[in-house]
Every structure is written in structure tokens, then in C-alpha cells.
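Asker: I'll drop the sequence and a predicted model, then ask my questions.
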Amino acid sequence: MAGLYNEEFIDTLRRGAESLTSAWGLSPRTRVSLLNISENATFLAEDPDQGRRVILRVHRPGYHTRQEIESELAWITDLRTHQVVETPEPLTVADGGHIATFDLDGAHREVVAFSFMSGAEPSASEDLTDGFRALGAISARLHDHARRWTRPDGFVRKIWTWETTVGPTPHWGDWRDAMGLEADGAALLERLCGELERRLDAYGTAPERFGLIHADLRLANLLVEGARLGVIDFDDCGFGWFGYDFAAAVSFLEHEPYIPALQDAWVEGYRSVASLAPADQAMLATFVMLRRLLLTAWIASHAETPTAQELGAPYTQGTLMLAERFLTSAA
């Protein structure tokens, strides 16, 4: 792997995570191995003495504050308490908190742990229709809980609006730095940005449309086992449009011809649990385009990750194709 996450650096993170395993009651013989690199580095800790498996997440510095991490885990805990969704349990350390740290290059690296959840990521090569129907129902339950939940004092999560996704203060970097983007493509995406801003401003952020969301319900964050659809990785949860959760679910699939069928299934599942107004359904395509442009920026600002290296400039070209189609339909 090139860039920051080369093998030596990943091993440094692994050894840092391994040094903290006793905080969660794991034995000295616990083995720690890499699962994946995305925004953070995620490891599997396997304790042969206790027969336990635990997931360790080493946070990327400069993305979430300690308070934001604790807020994420507070929401997960309440979702589990009320059986809203099947998701791994955040594990506590000896002092009752959730976060342990190790030092790396003079900075603290926050580490959190979750119970292990079995299952497999859905494959984009299979028929996802039934799964998206189930995911729509799960999304509706998450949103219903978010609307009713009294958040604890000090709850802080990022806000996902036009300004903080593809506008002037983006959380994931500037899409103008996209790999392989040339002047004519940049001009097209500037037009796209203007159209997205216009539509989102008109739609607004009324509480029935905008609130606490998972914000990253893509296939990689779902675990299927039998009839169970589990949800993992609330690391990007924050305040955004509820319909954006559908857009996140089709991440990296936006160009596929079966997306309309998945949208119909998601909407059907959603409406089996909660209402979804026609105006909300009509905005789903806009959220998909917003997410696509946001991911284009993420790839540019996270070029050292395996995902960015795999997708690269061809993803930017796909974004241009979708932007042209989107703007033509809006004309």
C-alpha cells in the first residue's frame, strides 16, 4: 500500500491497539490483525484463552473529537437498549468509559472496542432487492428513534449539509482535488454543485426531514447472517437529511442500472414502518448525486487508503457521467 497506510505504519497501529487489549479484559496472548482501512483502521482481536473476538477501531486523528466519539457510542447504546437495530455492543474499559488511547508521534490515538458480530457483507453481484427492502425498514426505525430520542447533555456529532459535504467547508475535502479532474469536468461539477445547492435549499431542514442519521449504510457496513441484517460502523453518524441514508446505501453503485429497483424496494420497506412523503421520495436522486460528489472528494483526500487507490480517476469520470445525466434530467 502506498502513502500513509503502508505496511510499516499499519503494523505500528496494530501494535498500539494490541498494547491496549487488556483494557477490555483480553489476555496477553490475544492476537490482533487488520480487518480494513477506511476513515479509521479496524482490527480483529482474538483471545485464545477466553475464546473471545473483539473489534478494535483506531481512530484517524483530526476527524472526531473525544466528545464526538462518546456521542456516537451513546446513540448506539440506546439503539441496542430499545432493540431498534442489531448492531455490535460498544465495550467499556475499567473506568466505565469507552475510549483507550496510545501515543503515536506525540499525539493520542483513540481506540474503541465492539463485540464481534458474525455475518458477511452483501455482494453487489447478487440480487439486493430483498436486502434493500429490509434496509428501508431499518432506516425508518433508526429515523423514528432519532426523532424521539432525548440526547444526553454534551451530545455532539457532525452536521452533513450542502456546505459541509460539497460546499465551502467540507468534512471530507474539496471535490475540486478529484483524481483526474480537468477544467471542463470541473466546470460541469460546478454546475452540479449549484443545482444541488438550489434543490437542498428549497427542500430545507425541517425536523421531519433532517435529523440524526447513520450516514454510511453502504454494503460494507452491513452484515447478513440468515434472515438477520446487522448494521455496523456508526463512525459517520451525524445530523443530515433522512433520505441521505438511502444515498449512502448505494455508495459506489450509483451507476448501476438496478438502482431504481433498489430505491423502490427501500421505499417499500421504509413505508412498512413509517411514512415517507412523496416530496421526500422525490429527493432521493438528489441525495444520491450529493453522496457521489462527496465520495469523489473523499477519494481525493484519502488517497492513501486501499479504497481510494482501487477507484481513483475512473470514479471521477463516472461522477462526470452521472452529473451530466442528472443535470440533463433537471433541465
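Answerer: Here it is on my side, so go on. Numbers count the residues shown, from 1 in each chain.
Asker: What segments of the stretch 101-250 of the chain are helices?
Answerer: Secondary structure of the stretch 101-250 of the chain (DSSP state H, counting those that start in this stretch): helices at 129-148, 162-165, 183-203, 244-249.
Asker: export these to TSV and tack on distance to residue 89 and mean pLDDT?
Answerer: Where you see a C-beta, it was placed from the backbone N, CA and C, and this is true even at glycine. Output for the helices of the stretch 101-250 of the chain, formatted as TSV (distance: least, CB to CB, whole Å; pLDDT from 0 to 100):
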stretch	distance to residue 89	mean pLDDT
helix 129-148	17	98
helix 162-165	30	97
helix 183-203	35	98
helix 244-249	22	98
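Asker: Of those, flag the one that's most buried.
Answerer: Mean neighbour count (mean count of other CB atoms under 10 Å) peaks for helix 244-249 among the helices of the stretch 101-250 of the chain, with a mean of 26.
Asker: which element follows it toward the C-terminus?
Answerer: On the C-terminal side of helix 244-249, the closest following helix or strand by DSSP states H and E is helix 259-271.
Asker: just to revisit the earlier point, can I get the helices of the stretch 101-250 of the chain in a markdown table with distance to residue 299?
Answerer: Formatted as a markdown table, the helices of the stretch 101-250 of the chain follow (distance: least, CB to CB, whole Å):
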| stretch | distance to residue 299 |
| --- | --- |
| helix 129-148 | 24 |
| helix 162-165 | 14 |
| helix 183-203 | 14 |
| helix 244-249 | 15 |
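Asker: Of the ones you listed, give the one that comes closest to residue 90.
Answerer: Among the helices of the stretch 101-250 of the chain, helix 129-148 comes nearest to residue 90, with 16.5 Å by CB to CB.
Asker: Verify the stated contact: residue 232 with residue 219.
Answerer: No - here residue 232 lies out of contact with residue 219, judged by CB atoms under 8 Å, at a distance of 11.3 Å.
Asker: Looking at those two, which is more packed in?
Answerer: Per other CB atoms under 10 Å, whichever of residue 232 and residue 219 has more neighbours is residue 232, with 22 against 18.
Asker: ok, the more buried one - contacts?
Answerer: 87, 88, 114, 117, 221, 222, 223 (CB atoms under 8 Å, 6 or more residues apart in numbering).
Asker: mind checking which of the helices of the stretch 101-250 of the chain is nearest residue 7?
Answerer: Comparing those by CB to CB, helix 244-249 comes nearest, at 30.1 Å.
Asker: Tell me what residue 44 is bridged to.
Answerer: residue 33, residue 55 (DSSP bridges).
Asker: Residue 86 sits in which helix or strand?
Answerer: Using DSSP H and E, no helix or strand contains residue 86.
Asker: what about the closest residue to it other than its chain neighbours, neighbour count?
Answerer: In space, and not counting its chain neighbours, residue 86 is closest to residue 230: 4.5 Å by CB to CB, 6 or more residues apart in numbering. Residue 230 has 17 neighbouring residues, counting by other CB under 10 Å.
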